[in-house]
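Novice: mind looking at a prediction? Sequence and model below.
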Amino acid sequence: FQEAALDNGLTIILVENHRLPIVSIRLAVRAGSRDDPADRAGLADMVSDLLTKGTEGRSADQIAAEIEGVGASLSAGAGTDFLFLSTTVLTEHTQLAFDLMSDVVLNATFPEEEFSLARACSPDCAFNRPIQVPSQTGTSSRSCTASIPMPAKRQRRRWRP
């Protein structure tokens, strides 16, 4: 494999395997559940659930239609240490994969209707708290009530390089 660090701090790891005509892309950000504020347990999971649900230029349906239209998928998730976004596409659709991933990362809008749906679908929510959700225009915030899963016991540890 090859590893390179960009000027902006982003580390790129390239693992080449030419047996199949596919490209797998995974973006990992050190922002997992360990970094959730104590009173916002489940925040990383909620962000990962909503990350692909709309951008300034695409709805959730448009994002899904574009990536699924080329036989691929775009998924996000959160673990203990990292929040991630990943896709695997045929090599001929590499540019589309990068376009969608960058749009989702840089322009996610976290639409209120998707936020409400994600909140309602959380079967193990333990409490409701107001949290700030940026408005569509970005000029103000509105308060929404979020049901965030609360683990029975929380251990707070920080990632260390």
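Specialist: Ah, there it is. Residues are numbered from 1 along each chain as shown.
Novice: what's the separation between residue 54 and residue 82?
Specialist: For residue 54, the distance to residue 82 equals 23 Å [CB to CB, to the nearest Å]. No exception for glycine: its C-beta is placed from N, CA and C like everyone else's.
Novice: ok, residue 61 next?
Specialist: Applying CB to CB to residue 61 and residue 82 gives a distance of 27 Å.
Novice: settle it for me: which of the two has more neighbours?
Specialist: residue 82 (20 against 10; other CB atoms under 10 Å).
Novice: the more buried one and residue 44, how far apart?
Specialist: Counting by CB to CB, the gap from residue 82 to residue 44 is 9 Å.
Novice: what does residue 87 give?
Specialist: In terms of CB to CB, residue 87 sits 20 Å off from residue 44.
Novice: so where do the strands sit in this structure?
Specialist: Remark: strands assigned in the chain by DSSP state E are 2-5, 11-14, 22-29, 73-78, 83-90, 125-134, 141-149.
Novice: tell me what the residue nearest to residue 6 when sequence neighbours are not counted is bridged to.
Specialist: Ranked by CB to CB, 6 or more residues apart in numbering and with sequence neighbours excluded, the top spatial neighbour of residue 6 is residue 12, at 6.7 Å. When assigned by DSSP bridges, residue 12 has beta-bridge partners residue 4.
Novice: for residue 12, grab the count of nearby residues.
Specialist: 9.
Novice: repeat that for the one 4 residues further on.
Specialist: Other residues within reach of residue 16, judged by other CB under 10 Å, total 6.
Novice: likewise residue 46?
Specialist: 22.
Novice: quick check: the gap between it and residue 81.
Specialist: In terms of CB to CB, residue 46 sits 17 Å off from residue 81.
Novice: so the residue at minimal distance from the centre of the chain versus residue 113, what's the distance?
Specialist: By CA atoms, centre = their mean, the chain has its centre lying nearest to residue 48, at 3.5 Å. Using CB to CB, we find residue 48 at a distance of 18 Å from residue 113.
Novice: picking that back up, contacts only, for the residue nearest to the centre of the chain.
Specialist: The neighbours of residue 48, taking CB atoms under 8 Å, 6 or more residues apart in numbering as the test, are 76-78, 83-84.
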